[in-house]
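[1] What follows is a predicted structure for the sequence shown.
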Amino acid sequence: MLNFLMSCDSVVRFQIPVIRDNGTLETLTCYRAQHKHHYMPVKGGTRYSPDMNLQETVALATLMTFKLTCANIPFGGAKGGIRFDPSKYSKAEVERITRRYTLALAKKNFIGPGIDCLGPDMGTNEQTMTWIKDTYQYLYGETEINSEGCCTGKFVGQGGIQGRVESTGLGVFHVLNTLLANETFTEKANVNQGMKGKKIIIQGFGNVGYHFAHFCHKKGAKIIGIVERDGAIYNPDGLNPEDVKMHTSQGRQIQFFSGATESEDINTDNIMFKECDIFSPCAGDGALNVNNAANIKAKIIIEGANGPTTFAADQIFDKKGIMVIPDMLANVGGVTVSYFEWLKNLDHVAPGRMTSKHQEMQKKKFIKMLGYKIPEKSPLQ
């Protein structure tokens, strides 16, 4: 049974050509892994990263199956992506790459609302998923009524759903907030109950890291450190996530943020090892490993990224008594909302349309029970 669970049912690796804006031709390596077909369609993110490889793709697809099982979502696990750095390509180039990737997946029968539903991941966003949907509909839109459900994480006006952007980070926050209200958990982690006043360091300030920081800050926690790929910042009195986001969105490096009392460049990692109550890795997989795990001084680690803790690092954390909240529980919010988006695409009915009349009747009955009279509508109304 273990050997069966470790293996992927279907894996594909292929190359696609892309013509750069300057006329040069490049060849990019692409991947897609479908872990298990016990539920169909399979579901998993699409990652654009220069570190992407086949082994990572298979591992993340396997993890996705376990995550979906934890959330009781009837999908099999999958994962895919392209080995390149989208930040070094123009928007037009990324669009051409995305559409070519979608065409190749369709040709190999590795995409479709009942086959393989793609989702966003590292390096991809709402625009990327909308390009994928548009390309798929160009191929099958006239014959497949559910073609809009080939992927999730799209713009709301293009078949997306409200709340998908912040869902993963918000889910991490809700899991942490719930556990911090549990007396048994807080006693074992040696922290006080509640979110207020907790000192948090976040590794990775992308979509997941930013929204996790945003909701923790609103609840009264102190975001004392933020570690990014180009540097890190620290302030023992707390950092405002909105101010940091405004700073980085203008193209400035994070270490030059004026609200920090201490900063460092990409070559140092002292801020990552500061004392805190909670450390949240929201960057890439394997970020916490045998080389740095012993230096982490947090009481709780909550995994916002997929597979950020290696097995060796987990053993070190266990010996140190650090509570680790695994990713298959902590960051399941994103795929849960994606499931709702997929259902919306297949229903072809706006949420609430079928139940609005029933809800109106229930409210009228409640008002009458309180003794109030409901005025009759005029024919014009």
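    In hand now; what should we look at?

[2] Domains in this structure, by residue range?
    2-158, 165-330 (automatic domain parsing).

[3] Tell me which of the ones you listed lies nearest to residue 341.
    domain 2-158 (4.4 Å; CB to CB). Using the backbone N, CA and C atoms, a C-beta is placed for each residue, glycine as well.

[4] ok, now how distant is residue 50 from residue 79?
    Look at residue 50 and residue 79: by CB to CB, to the nearest Å, they are 17 Å apart.

[5] Among the two, which residue is more densely surrounded?
    Ranked by neighbour count (other CB atoms under 10 Å), residue 50 and residue 79 place residue 79 first, with 31 against 12.

[6] as a whole number, average confidence for the one helix or strand the more buried one maps to?
    Residue 79 belongs to strand 76-82 when assigned by DSSP states H and E. Mean pLDDT, strand 76-82: 94.

[7] quick one: the helices in the protein?
    Taking DSSP state H as the test, the helices found in the chain are 2-6, 54-70, 91-107, 126-140, 164-180, 183-189, 207-218, 241-249, 311-320, 327-330, 333-347, 356-369.

[8] so can I have TSV of these showing distance to residue 31?
    Listed next are those as TSV, based on distance: least, CB to CB, whole Å:
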stretch	distance to residue 31
helix 2-6	18
helix 54-70	4
helix 91-107	10
helix 126-140	15
helix 164-180	21
helix 183-189	37
helix 207-218	22
helix 241-249	29
helix 311-320	23
helix 327-330	20
helix 333-347	19
helix 356-369	44
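
[9] Identify the residues contacting the closest residue to residue 176 other than its chain neighbours.
    In space, and not counting its chain neighbours, residue 176 is closest to residue 302: 5.2 Å by CB to CB, 6 or more residues apart in numbering. For residue 302, the contacting residues are 172, 175-176, 278-280, 324-325, 330, by CB atoms under 8 Å, 6 or more residues apart in numbering.

[10] Going by distance to residue 61, which of the residues you listed wins?
    residue 330 (18.7 Å).

[11] OK, contacts around that closest one?
    171-172, 175-176, 302-304.

[12] of all these, which two lie farthest apart?
    171 and 303 (11.6 Å).

[13] Can you work out which residues contact both of these two?
    330-331.

[14] Residue 144 against residue 115, yeah?
    No: applying CB atoms under 8 Å, one finds residue 144 not in contact with residue 115, separated by 10.9 Å.

[15] Mind telling me which of the domains of the chain the model trusts least?
    With a mean of 88, domain 165-330 has the lowest mean pLDDT of those.

[16] what's the span of that one, first residue to last?
    16 Å (CA to CA, to the nearest Å).

[17] and it, how far out from the chain's middle?
    15 Å (CA atoms, centre = their mean, to the nearest Å).

[18] Start the count at 28 instead of 1 going forward.
    In the new numbering, first residue 28, that becomes domain 192-357.

[19] Let's have the domains of the chain in a markdown table, adding distance to residue 399.
    Conversion of the domains of the chain to a markdown table gives the following (distance: least, CB to CB, whole Å):
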| stretch | distance to residue 399 |
| --- | --- |
| domain 29-185 | 37 |
| domain 192-357 | 37 |
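
[20] Residue 384 is nearest to which of those domains?
    Closest among the domains of the chain, using CB to CB: domain 29-185, at 24.5 Å.

[21] ends of that closest one, how far apart?
    End-to-end distance for domain 29-185: 41 Å, by CA to CA.

[22] next one: that domain to chain centre, how far?
    14 Å.

[23] related to what we said a few turns ago, I'd like the contacts of residue 329 as CSV, with distance to residue 287 appended.
    Below are the contacts of residue 329 laid out as CSV (distance: CB to CB, whole Å):
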residue, distance to residue 287
199, 23
202, 28
203, 24
305, 19
306, 18
307, 18
351, 28
352, 27
357, 27
